[in-house]
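> Build the 3D model from these lines:
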Amino acid sequence: MNFENRTKLESSNSRKKVLELLETGIQRVLPENALKGQISFNEEKKELIIQGKKFSVKGRIFVIGAGKASSEMAKAVEEILGTKNIEAGIINCNMGFNLTKKIEIHKASHPVPDENGLIGTKKMLELKEKYSINENDLILCLMSGGGSSFMVAPQAGITLEELIKTNQILVKEVSEIHKINTIRKHYSKVKGGKLAQFFAPAKIISLIISDVIGDDLSFIASGPSVQDKTTFADALKIIQESKIEEKLPSSVYNYIKNNAGKTVNETPKQLTNSFPFLIATNKQALKAMQEKASELGLNAVIDSDTVKGNSQETAEKIALMISSEKTSFTEKEIPEKPCVILMGGETTVKITGKAGKGGRNQELSLRVLNEIHKLNQKNKFVFASIGTDGADFIDDAAGGIIDSNSMQEIKEKKLDLNKFIENHDSFNLLTKINGLLATGKTGTNTCDLMILLIE
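Next up, the predicted model:
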């Protein structure tokens, strides 16, 4: 990955170091780097080795999956196994269509599901009968963030249009991804472990890149290949607490309501044929950044990889660290300056009224700038926040970067920082002050990375 206008963005040595650290973090969790360091195939013994665990390949290998990183994962899997050792495969993704030779990359939509996703998911399921997949065969399931949208298979009686409407309501009305995915699992034929259940008795080995805070495998992409601990009753409770009963299509609401308290259609609570592996995480990216910081002569501390919640409250906590002795999220000692404080996770932005152009990372950058300015402190700093997938709500921005000179530039150009924040128009302000980070789609997705450098 490369930053657009990098030379311009590197207006100071400190900014240059911050960009190097962000690049290092994202490089660590790119599928090619993540998979090749943890997976190998012994051609002679016909053994697949993942994180030290050996799987004997008695039959054939099939590849399925979905997510923003799945096409890059498929490319890496082909290189590791060799195409001759893959019988067939299909991946639902929205990029990387020419990356593979044997595995089909099927175009699907994100964040709104579409008919292509429905068709691609159906083709995955058809592999079982087409190839008479049995207990000797092995299925590699490549999953990453965005898989909930790409893998589409609603229960009978629920149309694609109703599924799309449901998805839109959940994203707008339900606050946490764990709650959203609890509901999603219970109106799908494949989510919540049902994909693995469908392919039993064949072993299904899942290689997973996490975009979920806390890395709970059962919630990443709604956990299609992982046993599920949630129930219809849990889903119904979330719907009722969110007061969306009347907003949801009746087919979806009634399916969940009518199955609450029953076990016949419940998601599987135990899967003996499922073997999930966490391949790349936000924490791994932060660790790589910490190691790189040491090489650059910076003391570094990882504050938290579970930063979440309102962007304004997060900005206030980050700003306080400029002149504090401890970090804001885990109260670790702030090292001797110059230092960097590393954080990961995902903040949320509550849109009120008409919104401008931007995303949560871009807005967080401006809010941090505003809060630091209020403190009137003298330490020089650089702050940046970036989406590891390269798309911060919009495809033409990955995040934002600001520093000690940003507020002065805003004043010189007679711009109103508060107005841009109130209008959620961070993109247009950051472009005016050399603060926009753009990379294009990176091919991975492990939440957001945030870095505060204090001189």
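
> And the helices in the stretch 1-150 of the chain, which stretches?
Under the criterion DSSP state H, counting those that start in this stretch, helices of the stretch 1-150 of the chain are mapped to 6-9, 13-28, 31-36, 70-81, 115-130, 147-150.

> mind pulling up the phi and psi values for I421?
phi -70, psi -50 (degrees, to the nearest 10).

> Going forward, count from 791.
In the new count, where the first residue is 791, that last one comes out as I1211.

> mind listing what it touches?
Contact criterion Cβ atoms under 8 Å, 6 or more residues apart in numbering gives 1153, 1156-1157, 1160 as the residues in contact with I1211. C-betas here are computed from N, CA, C, even on glycine.

> Please narrow the residues you listed to those residing in helices.
1153, 1156-1157, 1160 (DSSP state H).

> Out of those residues, grab the one that's most surrounded.
Most neighbours among the ones in helices among the contacts of I1211, by other Cβ atoms under 10 Å: E1153, with 30 neighbours.

> In JSON lines: the ones in helices among the contacts of I1211, plus distance to T972.
As requested, these are exported to JSON lines (distance: Cβ to Cβ, whole Å):
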{"residue": "E1153", "distance to T972": "27"}
{"residue": "L1156", "distance to T972": "33"}
{"residue": "R1157", "distance to T972": "30"}
{"residue": "N1160", "distance to T972": "35"}
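
> Out of these, flag the one nearest to T1057.
E1153 (35.5 Å; Cβ to Cβ).

> avg pLDDT for the host helix or strand of N1151?
N1151 is located in helix 1150-1165, with elements delineated by DSSP states H and E. Per-residue pLDDT over helix 1150-1165 has a mean of 97.

> Mind listing what's buried along it?
1150-1162 (16 or more other Cβ atoms under 10 Å).

> hmm, back to that, in CSV, list the helices of the stretch 791-940 of the chain along with mean neighbour count, distance to K1140 and mean pLDDT.
Formatted as CSV, the helices of the stretch 791-940 of the chain follow (neighbours: other Cβ atoms under 10 Å; distance: least, Cβ to Cβ, whole Å; pLDDT from 0 to 100):
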stretch, mean neighbour count, distance to K1140, mean pLDDT
helix 796-799, 12, 29, 95
helix 803-818, 21, 26, 98
helix 821-826, 20, 33, 94
helix 860-871, 25, 31, 97
helix 905-920, 17, 29, 98
helix 937-940, 29, 22, 96
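
> out of those, which comes closest to K979?
The nearest among those, by Cβ to Cβ, is helix 905-920 at 8.2 Å.

> gap between N832 and M863?
Taking Cβ to Cβ, to the nearest Å as the measure, N832 falls 20 Å from M863.

> re earlier: output the helix or strand following the helix holding N1151 as CSV, restricted to C-alpha atoms.
For helix 1150-1165, the succeeding helix or strand toward the C-terminus, using DSSP H and E, is strand 1171-1177. What follows is strand 1171-1177, C-alpha atoms only, in CSV (Å, rounded to 0.1, in the frame of the first residue of the first chain):
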residue,chain,number,x,y,z
PHE,A,1171,2.5,16.5,18.3
VAL,A,1172,1.2,14.6,15.3
PHE,A,1173,-2.0,12.6,15.4
ALA,A,1174,-3.4,10.2,12.7
SER,A,1175,-6.3,7.8,12.5
ILE,A,1176,-6.8,5.4,9.6
GLY,A,1177,-9.0,2.5,8.5
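
> After strand 1171-1177, which helix or strand is next?
Beyond strand 1171-1177 toward the C-terminal end (DSSP H and E), the next one is strand 1189-1193.

> Now do that following strand and helix 1150-1165, the angle between them.
Strand 1189-1193 and helix 1150-1165 are oriented at 20 degrees to each other (axes from the mean of the first three to the mean of the last three Cα atoms, to 10 degrees).

> So which elements touch strand 1189-1193?
helix 803-818, helix 1150-1165, strand 1171-1177, helix 1216-1220, strand 1226-1227 (3 or more Cβ pairs under 8 Å, 6 or more residues apart in numbering; DSSP states H and E).

> rerun at 6 Å
Helices and strands touching strand 1189-1193, by 3 or more Cβ pairs under 6 Å, 6 or more residues apart in numbering; DSSP states H and E, are helix 1150-1165, strand 1171-1177.

> tell me the phi and psi of the most centrally placed residue in the chain?
The chain has D1001 as the residue nearest its centroid, 2.9 Å off, counting by Cα atoms, centre = their mean. In terms of degrees, to the nearest 10, the main-chain angles of D1001 are phi -120, psi 20.

> Contact partners for it?
935, 1235-1237 (Cβ atoms under 6 Å, 6 or more residues apart in numbering).

> how about a cut-off of 7 Å?
934-935, 1010, 1235-1237 (Cβ atoms under 7 Å, 6 or more residues apart in numbering).

> These into JSON lines, with extra columns for neighbour count and distance to A1025?
Listed next are the contacts of D1001 as JSON lines, based on neighbours: other Cβ atoms under 10 Å; distance: Cβ to Cβ, whole Å:
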{"residue": "S934", "neighbour count": "31", "distance to A1025": "23"}
{"residue": "G935", "neighbour count": "25", "distance to A1025": "21"}
{"residue": "I1010", "neighbour count": "28", "distance to A1025": "18"}
{"residue": "N1235", "neighbour count": "28", "distance to A1025": "25"}
{"residue": "T1236", "neighbour count": "33", "distance to A1025": "27"}
{"residue": "C1237", "neighbour count": "26", "distance to A1025": "24"}
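
> Among these, find me the one that's closest to P903.
Closest to P903, out of all of the contacts of D1001 and judged by Cβ to Cβ, is G935, at 14.7 Å.

> just checking, that closest one touches G857?
Yes - taking contacts as Cβ atoms under 7 Å, G935 lies within contact range of G857: 5.9 Å.

> so what's in contact with the two at the same time?
With Cβ under 7 Å, 6+ apart as the test, G935 and G857 both reach 1011, 1235.

> If you drop the residues flanking it in sequence, what lies closest to the residue nearest to the centre of the chain?
G935 (2.8 Å; Cβ to Cβ, 6 or more residues apart in numbering).

> rewinding a little: okay if I get the helices and strands packed on strand 1189-1193 as TSV plus distance to A1228?
Formatted as TSV, those follow (distance: least, Cβ to Cβ, whole Å):
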stretch	distance to A1228
helix 1150-1165	10
strand 1171-1177	10
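
> Can you tell me the SS state at M1197?
helix (DSSP: H, G, I helix; E, B strand; the rest coil).

> Verify the stated contact: it with L1159.
Yes - using Cβ under 7 Å, M1197 is in contact with L1159, at 6.3 Å.

> give me phi/psi at the closest residue to F1119 other than its chain neighbours?
Nearest residue to F1119, sequence neighbours excluded (Cβ to Cβ, 6+ apart): S1094, at 3.9 Å. Dihedral pair for S1094: phi -160, psi 150, per degrees, to the nearest 10.
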